[in-house]
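[1] Structure, please.
(chains A and B)
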2 protein chains.
Amino acid sequence: MKERTITLDHGSGGRATHELVREVFARAFDNAFLGQMNDSAVLQVPAGRIAMSTDSYVVDPVVFPGGNIGSLAVHGTINDLAMSGARPLYLTAGFVLEEGLSLALLEEIVEAMARAARDAQVAVVAGDTKVVPKGKADKIFINTAGVGVVPEGLELGGQYARPGDVVLINGTIGDHGMAILCTREGIAMEGEIQSDSAALHDLVAELLEACPQVRVLRDPTRGGVATTLNEIARQSEVGIRLFEEALPIRDDVAGACELLGLDPLYVANEGKVLAIVPRSVAEKALDVLRGHPLGRDARLIGEVTDRDPGRVVLCTRIGGHRLLDMLRGEQLPRIC
Amino acid sequence: MKERTITLDHGSGGRATHELVREVFARAFDNAFLGQMNDSAVLQVPAGRIAMSTDSYVVDPVVFPGGNIGSLAVHGTINDLAMSGARPLYLTAGFVLEEGLSLALLEEIVEAMARAARDAQVAVVAGDTKVVPKGKADKIFINTAGVGVVPEGLELGGQYARPGDVVLINGTIGDHGMAILCTREGIAMEGEIQSDSAALHDLVAELLEACPQVRVLRDPTRGGVATTLNEIARQSEVGIRLFEEALPIRDDVAGACELLGLDPLYVANEGKVLAIVPRSVAEKALDVLRGHPLGRDARLIGEVTDRDPGRVVLCTRIGGHRLLDMLRGEQLPRIC
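    Residues are numbered from 1 along each chain as shown, chains lettered A, B, ... in the order given. You can find the predicted model right below:
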């Protein structure tokens, strides 16, 4: 039997597009907003501040241990909203499909998206599908944009780190990037490295509820922990010291990094949050994080200082200091 | 001198990404929200209903008479919001760039986006850039998602057309699609066919202010006027009759369609709105449309009936009737 594939017809805006929307997208994302089938979805939001974010996903391979491009596209944008402290409400989904894409693969991806959205209690309210001729894209690219509601009085941002604060992370470093890379390069470690791709908004809500003093939340995706902390160090004009011996890194991730000559501090994560909090609430914050399934391996990994403003320094196991700059060059293309 | 181009580094999330964001995107889209440089933008919205929409743009060629993929990406999503009667407020922009893309071309596109957004008084508040290896995308794909505010009491939708209503359009049919196609195929008509790409929210606001009785607004993009009216006929379970002699079509567009064997009723528009209104307000609505620069050629082109529910019928110049189905097959790939 011939495998059903995406054709240029599916992007025409005509009959085939309508069938695809009805049979694949509307079925998976089933909700009243999409059901309106108008040019935009009309939604109710409470008065106040909203957060808005977007990300395009071009990960290669599109299916990997721990998820696929669809679940990643939901988690990633939810997490960007959560980093503002927002409760994510609505997502849009834009698809660019390559002619010849397997319809079964598209369905698998869309179902994973829908499941991730349902699990996160977020509705996919509007979508769009374009098809480009074979060779003009690589299987599937997905854009998600999201809207969430920011609780009254909350003020988080990369500019709020202060000397004396500490740096927390909710778990192990480098899992997503190494899961992608090992799959792509066909590297088999003992056991398979799983992506950490996950929606962090619940964890973040619990943290902010218990510790409203949190100053900065940011997810260390592309560029990894080192690049993300550099961004914060510059925005806040502070120095950040990372303690090498405190960094939580899985043995298999560390092994794969060594094999490929990569530094896990520059490898992407998709289910991790860096939280900068006053030292006085660090213990409480760690307790809250560790009480959540996505924070069991939470650690205090660094501190904010007034030395070396704008810079991140690694305090090594043997007592040395190493400057951690932003990622230079392309370490890992198409990681998300 | 070697032309500067996009490299994989620009998508790394590291130093090169930050430079690109600062020098190209942040400079062009300059506003306080983007300036926050956090994972999502935090925005103020009035209480009530918001409209949310998304579209990906893959048009080929990326520059065409009357615009480029950047201005198109702004106009298109603004128009989707306007079709709900919403006042567009905020856009996000997600870029997928092909390694090797000319930096000068990217700047030209981003500047056109920024100009289109400024002219429409809409802010681009969040963005994302991915780079894929050469041959894995075609130059540049852009996704825009948008949020707007829907005025109290307004209720528009494809399901509200009623027998006795009439169909209005704000101007000529098929301009965008034929501008793209003539450019792509190197067809020179007398004078160049210009895309009609434009932001329609001002025109729509004036129309709704004067005629709150408007039932349906929809922009006939991919699939053209015929496909869009089919959608409405199905949603409202009514018949729609189009009057061939009333259709506004430019001579050069008609000529190019004939040359290429295309029916202008299936060709995409990017600055047109179909308005379905009670017959009693048709004259007033036409007056309002004609008083706006984007509605000078507005016409009454059809009527809603209780015959043939779910179908669109063309009443031809010679007194015949022709069923206009949704677009079948891919008439014009990558038109938007």
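[2] worst-scoring helix or strand of chain A, pLDDT-wise?
    Between all helices and strands in chain A, the lowest mean by mean pLDDT, DSSP states H and E belongs to helix A:32-35, at a mean of 79.
[3] Now do the buried residues in it.
    Of the residues in helix A:32-35, A:33-34 count as buried by neighbour count, 16 or more other CB atoms under 10 Å in any protein chain shown. For every residue, glycine as well, the C-beta is placed using N, CA and C.
[4] what ranges do the helices span in chain A?
    Secondary structure of chain A by DSSP state H: the helices cover A:15-20, A:27-28, A:32-35, A:69-82, A:103-119, A:175-185, A:201-210, A:224-236, A:251-260, A:282-290.
[5] before we move on, back to that, now what about the least confident helix or strand of chain A, what contacts it?
    Identification of contacts with helix A:32-35 by CB atoms under 8 Å, 6 or more residues apart in numbering or on different chains yields A:25-26, A:41-43, A:90, A:123-127.
[6] List the contacts of the closest residue to residue A:196 other than its chain neighbours.
    Computed as CB to CB, 6 or more residues apart in numbering or on different chains, the closest residue to residue A:196 that is not its neighbour in sequence is residue A:271, at 3.6 Å. Taking CB under 8 Å, 6+ apart, we find residue A:271 in contact with A:75, A:79, A:171, A:175-176, A:195-198, A:200, A:294.
[7] same check, this time on residue A:327
    With contact taken as CB under 8 Å, 6+ apart, residue A:327 is in contact with A:222-224, A:226-227, A:266, B:12-15.
[8] can you pick the most crowded of these?
    Neighbour counts for the contacts of residue A:327 (other CB atoms under 10 Å in any protein chain shown) peak at residue A:224, which has 30 neighbours.
[9] pLDDT at the closest residue to that residue other than its chain neighbours, what is it?
    Spatially, and ignoring its direct neighbours in sequence, residue A:224 is nearest to residue A:266 (4.2 Å; CB to CB, 6+ apart). Turning to residue A:266, the model gives it a pLDDT of 96.
[10] now do the one 5 residues further on
    For residue A:271, the model assigns a pLDDT of 98.
[11] same deal with residue A:185?
    87.
[12] Verify the stated contact: residue A:10 with residue A:106.
    No: the pair residue A:10 / residue A:106 is not scored as a contact, 9.4 Å apart, by CB atoms under 8 Å.
[13] Hmm, residue A:247 is touching residue A:300, no?
    No: taking CB under 8 Å as the definition, residue A:247 is not a contact partner of residue A:300, at 10.7 Å.
[14] which residue packs closest to the residue nearest the centre of chain A, ignoring adjacent ones?
    Central residue of chain A (CA atoms, centre = their mean): residue A:76, 3.2 Å from the mean position. Sequence neighbours aside, residue A:55 is the residue nearest to residue A:76 in space, at 5.0 Å (criterion: CB to CB, 6+ apart).
[15] Equivalent analysis for residue A:243, please.
    In space, and not counting its chain neighbours, residue A:243 is closest to residue A:315: 5.3 Å by CB to CB, 6+ apart.
[16] what residues are up against that neighbour?
    A:241-244, A:321.
[17] Could you do residue A:67 as well?
    A:75, A:112, A:195, A:197.
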